[in-house]
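Peer 1: I would like to see how this sequence folds:
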Amino acid sequence: MTTPSRRDQLGQVFRFALVGGVNTGTFFALYLLLHPHLPYFAAYTLAFVLSMIGSFFMNTYFTYRTRPTWKKFLLFPLTNVTNYVIQSAGLYVLVSWVGMDTRIAPLVAAVVAIPFTFLLSRRILIPGTGPEPARAEPPRTSSTV
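Peer 2: Residues are numbered from 1 along each chain as shown. Okay, here's the model as predicted:
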């Protein structure tokens, strides 16, 4: 697999930001719709899962311009566990410790998780974009003096 050019990578970042904006808006709208009917954390979790499914399809087709597969679909949520943990911890801290309104705190927590989500989604959706494996050095031969 060829490494994308700097221009391609910047395009991915830009498209990821657009998808992130749409996804965040979708997440927040779902959260606000669910919030009156469920405890805030349950509403947050359900909105997160539904928006993550949408995010998968937007990122495969638009951001990275790759084909979705069942493998990618099944791996995508696993890598977003980090995103979920960061957002969940942020939500808890913002609501419980800072006293932020439960309708706004998820947006603030989501902003912190964006860089992690980009790196993880790119690695899953475009195989071979992770760190290069360490190359083994050739064995040294000992010389007798």
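Peer 1: okay, now the unreliable bits of this protein?
Peer 2: Under the criterion pLDDT under 70, the flagged ranges of the chain are 1-4, 79, 130-145.
Peer 1: quickly note the distance from Y31 to Y40.
Peer 2: Between Y31 and Y40 the distance, using CB to CB, to the nearest Å, works out to 9 Å. Bear in mind the C-beta positions are built from the backbone N, C-alpha and C, glycine included.
Peer 1: neighbour count winner among the two?
Peer 2: Using other CB atoms under 10 Å as the criterion, Y31 and Y40 rank with Y31 on top: 23 against 16.
Peer 1: what helix or strand does the more buried one sit in?
Peer 2: Secondary structure from DSSP states H and E places Y31 in helix 6-34.
Peer 1: and the angle from the following helix or strand past that helix to helix 6-34?
Peer 2: The C-terminal neighbour of helix 6-34 among helices and strands, as given by DSSP H and E, is helix 40-58. Between the axes of helix 40-58 and helix 6-34, defined by axes from the mean of the first three to the mean of the last three CA atoms, to 10 degrees, the angle is 140 degrees.
Peer 1: elements contacting whichever helix or strand comes after helix 40-58?
Peer 2: For helix 40-58, the following helix or strand on the C-terminal side (DSSP H and E) is helix 70-79. Packing partners of helix 70-79 (3 or more CB pairs under 8 Å, 6 or more residues apart in numbering; DSSP states H and E): helix 40-58, helix 105-125.
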